[in-house]
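Asks: Output the structure for:
(one chain, ligands or ions: 3)
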Amino acid sequence: MDLSSSSSVYTSFSSLSKTPPSFSLSSSSSSSRQNSLQLLLLRSHLPQRALFLRNPILPPPFSRQNRLPLAPVRVSNQSENDDGFLLEDVPHLTNFLPNLPSYPNPLQTSQAYSIVKNTFVSPEDVVAQTIVVQKNSPRGVHFRRAGPREKVYFKAEEVRACIVTCGGLCPGINTVIREIVFGLKNMYGVEDILGIEEGYKGFYSKNTMRLTPKVVSDIHKLGGTFLRTSRGGHDTHKIVDNIEDRGINQVYIIGGDGTQKGAARIYEEVEKRRLQVAVAGIPKTIDNDIAVIDKSFGFDTAVEEAQRAINAAHVEVNSVENGIGIVKLMGRYSGFIAMNATLASRDVDCCLIPESPFYLEGRGGIFEFIEQRLKENGHLVIVVAEGAGQECVASEVNTVDEKDASGNKLLLDVGPWLSNKIKDHFTKLPKMVVNMKYIDPTYMIRAIPSNASDNIYCTLLAHSAVHGAMAGYSGFTVGPVNSKHAYLPIACVTERPNTVQLTGRMWARLLESTNQPSFVSSDQQRVEKEMVEDTNKMNITSI
Ligand SMILES: Nc1ncnc2c1ncn2[C@@H]1O[C@H](COP(=O)(O)OP(=O)(O)OP(=O)(O)O)[C@@H](O)[C@H]1O
Ligand SMILES: O=P(O)(O)OC[C@H]1O[C@](O)(CO)[C@@H](O)[C@@H]1O
Ligand SMILES: [Mg+2]
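Replies: Ligands and ions are numbered 1, 2, ... in the order given. All right, here's what the predicted structure looks like:
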């Protein structure tokens, strides 16, 4: 059974029982497993809240949150034959437009694709979210594999696509734009493609621009976004009105968590109005803070570019007495750029990230560590992510909470704060003159074009989005899960951010390579010590 076109089968329990699907992923599928699969597949076509309530296999408090990668799926009350297979499906236009006609995919006659063994992705192909399993583990959460489908729900000449980019910059945005345009034209013969300028607000406040392969041919060599971008200005009704007015039926939305939330709102409105509009999200964030997907595009480029700043800091501090280099890198709530740049460089003595609170004074603190390293090596380099130590800065700087136009909290600048604290501390010490070199390359890193591997990655993302939209999926986002590109429900990537796991092996590798203090345990020790002291004091007072 072709699941991509079978939504009517899954719209109600009654129709399901009349028409048992033949979906089977292994040769050993028993009838009871098929029943489980029917129910699990059905879930994905119901409103999300209802899914959890109606699923008879899972206990009621089973929330989506439990199903993201770091909180492993727990499926209790399983019957013996139940293998715990879950499909996190994406919506399809036929869910609310059941009579939508389909057409053979033009790739069937493509010269390039004719040599591919399986030109089309089987509707039964799914990608597992967890690939490290034990013999008796439930099979867990799966996503639809991305790629071209045998049937499409748009005729090339009827497609009017648009592309919009929102949020901060990131290397590779232009490659994604270019490859959507080229993919639509070369694979599907689509020629009517509009660029929405300056983010979401551009839908209703700007003219569109025509995007042709010729216009976008060289943009992948440039940093930034050819379409420009903005924060704020998401007005769902105005945007969807505009989509309708302009006759747009495919919307490609490139942006981070905020943008993807906006894409979900647009899809909800499209569904409410029953419009034949495919809404495809392409996740973008230099911080790599998007959950579920392996990594976000531009991240590798950022890590590579960060090496230049770290190297410069190292050269500087290596050439003076007691040189202390501080390099600030991006990462609001996720320290991936700082962590990976540190691991790649090996010239970094200490890496500070938002996930790991640190402290300056006392045993196990940064000052003690710096003093020790200066004695040992005569210099050191610290990499600090922009979101690190926010509580420390906030406790010393008088500020009011400020937000950007999208409602994101504006962070306090940890870089200069840390540099000054270190300088002040060492100025007070006798015979300890330090040479501070502070480098903030953040916007320089974000503004460069993507490197070779990100370019290829961006191409796959763009093509996956194009295949998904042409196949009639809508309200989905794309990305690699365990190296295989998949279609993901937007909520999967917006419900919580991807952050560095302090209990994970990568952070342990970093701690091992820098030999910096593990502030977590020292901090805990300090808290424990304080608690003991407090208890003692209370005892004394009570006496
Ligand atoms: N909850 C939301 N619902 C609808 N639209 C939203 C929501 N959050 C953000 N947006 C819109 O998405 C756009 C981009 O959001 P934001 O500035 O937060 O950047 P982002 O997409 O998260 O990217 P990044 O954080 O990587 O720079 C803005 O136009 C904003 O209005
Ligand atoms: O462009 P702006 O608004 O200064 O945004 C900067 C923020 O954007 C990000 O690069 C995410 O896109 C963050 O790392 C950074 O804090
Ligand atoms: Mg964001």
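
Asks: what's near enough to touch residue 275?
Replies: By C-beta atoms under 8 Å, 6 or more residues apart in numbering, the residues touching residue 275 are 240, 243, 244, 249. To be clear about C-beta, it is placed using only N, CA and C from the backbone, and glycine gets the same treatment.

Asks: tell me which element it falls in.
Replies: Using DSSP states H and E, residue 275 falls within no helix or strand.

Asks: on that earlier part again, nearest to ligand 3, of the contacts of residue 275?
Replies: Each of the contacts of residue 275 was scored against ligand 3 by C-beta to the ion, and residue 240 proved nearest at 22.1 Å.

Asks: Next one: the closest one from ligand 1, what distance?
Replies: For residue 240, the distance to ligand 1 equals 12 Å [C-beta to the nearest ligand atom, to the nearest Å].

Asks: circling back: need the max-distance pair from the contacts of residue 275.
Replies: For the contacts of residue 275, the maximum inter-member distance is 12.3 Å, found between 240 and 249 (C-beta to C-beta).

Asks: Return the nearest residue of the stretch 301-450 of the chain with respect to ligand 3.
Replies: Closest point on the stretch 301-450 of the chain to ligand 3, by C-beta to the ion, is residue 408, at 6.2 Å.

Asks: Verify the stated contact: that residue with residue 231.
Replies: Yes: counting by C-beta atoms under 8 Å, residue 408 does reach residue 231; the two are 7.4 Å apart.

Asks: shared neighbours of those two, which are they?
Replies: Going by C-beta under 8 Å, 6+ apart, residues that sit against residue 408 and also against residue 231 are residue 258.

Asks: Mind listing what's buried along stretch 83-96?
Replies: 83-96 (16 or more other C-beta atoms under 10 Å).

Asks: Count the neighbours of the closest residue to ligand 2 within the stretch 251-400 of the chain for me.
Replies: Proximity of the stretch 251-400 of the chain to ligand 2 (C-beta to the nearest ligand atom) peaks at residue 330, 3.5 Å away. Number of residues near residue 330 (other C-beta atoms under 10 Å) recorded here: 25.

Asks: Apart from its chain neighbours, what residue comes closest to it?
Replies: Among residues not flanking residue 330 along the chain, residue 442 sits closest, at 5.0 Å (C-beta to C-beta, 6 or more residues apart in numbering).

Asks: now swap in residue 406 and tell me
Replies: Closest to residue 406 by C-beta to C-beta, 6+ apart is residue 231, at 4.0 Å.

Asks: Over to residue 158?
Replies: In space, and not counting its chain neighbours, residue 158 is closest to residue 249: 7.3 Å by C-beta to C-beta, 6+ apart.

Asks: Same check on residue 516?
Replies: Closest residue to residue 516 apart from its sequence neighbours, by C-beta to C-beta, 6+ apart: residue 350 at 4.3 Å.

Asks: Correct me if wrong: the one you found contacts residue 383.
Replies: Yes: contact criterion C-beta under 8 Å: residue 350 and residue 383 qualify, at 7.4 Å.

Asks: Can you get me a residue count around the residue of the stretch 301-450 of the chain closest to ligand 3?
Replies: Count around residue 408 with other C-beta under 10 Å applied: 18.

Asks: For the residue of the stretch 151-300 of the chain found nearest ligand 2, give me its contacts.
Replies: Here the stretch 151-300 of the chain gets closest to ligand 2 at one residue, residue 168, 2.6 Å apart by C-beta to the nearest ligand atom. Shown in contact with residue 168 (C-beta under 8 Å, 6+ apart): 229, 231, 256, 285, 286, 446.

Asks: My understanding was that residue 298 contacts residue 449; is that so?
Replies: No: shown here, residue 298 and residue 449 do not form a contact pair, counting by C-beta under 8 Å, at 9.7 Å.

Asks: Look up phi and psi at residue 323.
Replies: In terms of degrees, to the nearest 10, the main-chain angles of residue 323 are phi -80, psi 130.

Asks: can you give me the helices in the stretch 401-543 of the chain?
Replies: Listed in chain order, the helices of the stretch 401-543 of the chain (DSSP state H, counting those that start in this stretch) span 414-428, 442-446, 452-470, 490-494, 505-514, 519-542.

Asks: Mind putting those helices into TSV with mean pLDDT and mean neighbour count?
Replies: Formatted as TSV, the helices of the stretch 401-543 of the chain follow (pLDDT from 0 to 100; neighbours: other C-beta atoms under 10 Å):
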stretch	mean pLDDT	mean neighbour count
helix 414-428	96	16
helix 442-446	97	18
helix 452-470	98	24
helix 490-494	96	24
helix 505-514	96	15
helix 519-542	55	11
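
Asks: The ones you listed: which one's closest to residue 109?
Replies: By C-beta to C-beta (comparing all of the helices of the stretch 401-543 of the chain), the closest turns out to be helix 452-470, at 14.8 Å.

Asks: related to what we said a few turns ago, residue 298 and residue 449: who's more crowded?
Replies: A count of neighbours by other C-beta under 10 Å puts residue 298 above the other of residue 298 and residue 449, at 31 against 19.

Asks: Residue 463 versus the more buried one, what's the distance?
Replies: Distance, residue 298 to residue 463, using C-beta to C-beta, to the nearest Å: 17 Å.

Asks: again with residue 152
Replies: In terms of C-beta to C-beta, residue 152 sits 14 Å off from residue 463.

Asks: can you check residue 103 too?
Replies: 19 Å.

Asks: Same question for residue 319.
Replies: Counting by C-beta to C-beta - residue 319 and residue 463 are separated by 48 Å.

Asks: which residues does the residue of the stretch 101-250 of the chain found nearest ligand 3 contact?
Replies: Using C-beta to the ion, the closest approach of the stretch 101-250 of the chain to ligand 3 is made by residue 167 at 5.8 Å. With contact taken as C-beta under 8 Å, 6+ apart, residue 167 is in contact with 199, 229, 231, 255, 256, 258, 259, 284, 285, 406.

Asks: again, only using 10 Å
Replies: Applying C-beta atoms under 10 Å, 6 or more residues apart in numbering to residue 167 gives the contacts 173, 199-200, 225, 229-231, 254-260, 262, 284-286, 404, 406, 408.

Asks: Show me how to select, in PyMOL, the buried members of these.
Replies: Those of the contacts of residue 167 that count as buried under 16+ other C-beta under 10 Å are selected in PyMOL with:
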select buried, resi 173+199+200+225+229+230+231+254+255+256+257+258+259+260+262+284+285+286+406+408
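
Asks: Show me the contacts of residue 167 that map onto helices.
Replies: With DSSP state H as the criterion, helices contain 173, 257, 258, 259, 260, 262 from among these.

Asks: Show me which of these is closest to residue 429.
Replies: residue 257 (43.6 Å).

Asks: What separation do you get for the nearest residue to the closest one once chain neighbours are set aside and residue 311?
Replies: Of all residues not flanking residue 257 in the chain, residue 494 sits nearest, at 5.3 Å (C-beta to C-beta, 6+ apart). For residue 494, the distance to residue 311 equals 36 Å [C-beta to C-beta].

Asks: tell me the contacts of the residue of the stretch 201-350 of the chain at minimum distance from ligand 3?
Replies: Closest approach between the stretch 201-350 of the chain and ligand 3, counting by C-beta to the ion: residue 256, at 3.8 Å. Taking C-beta under 10 Å, 6+ apart, we find residue 256 in contact with 166-168, 170, 283-287, 289-290, 296, 406, 408, 493-494, 497.

Asks: Looking at residue 350 and residue 383, which is more packed in?
Replies: Counted by other C-beta under 10 Å, residue 350 and residue 383 do not tie: residue 383 has more neighbours, with 30 against 21.

Asks: bridging residues for the more buried one?
Replies: On the basis of DSSP bridges, residue 383 is bridged to residue 327, residue 351.

Asks: quick one, what contacts it?
Replies: 306, 309-310, 313, 325-329, 335, 337-339, 341-342, 345, 347-353, 439, 514.
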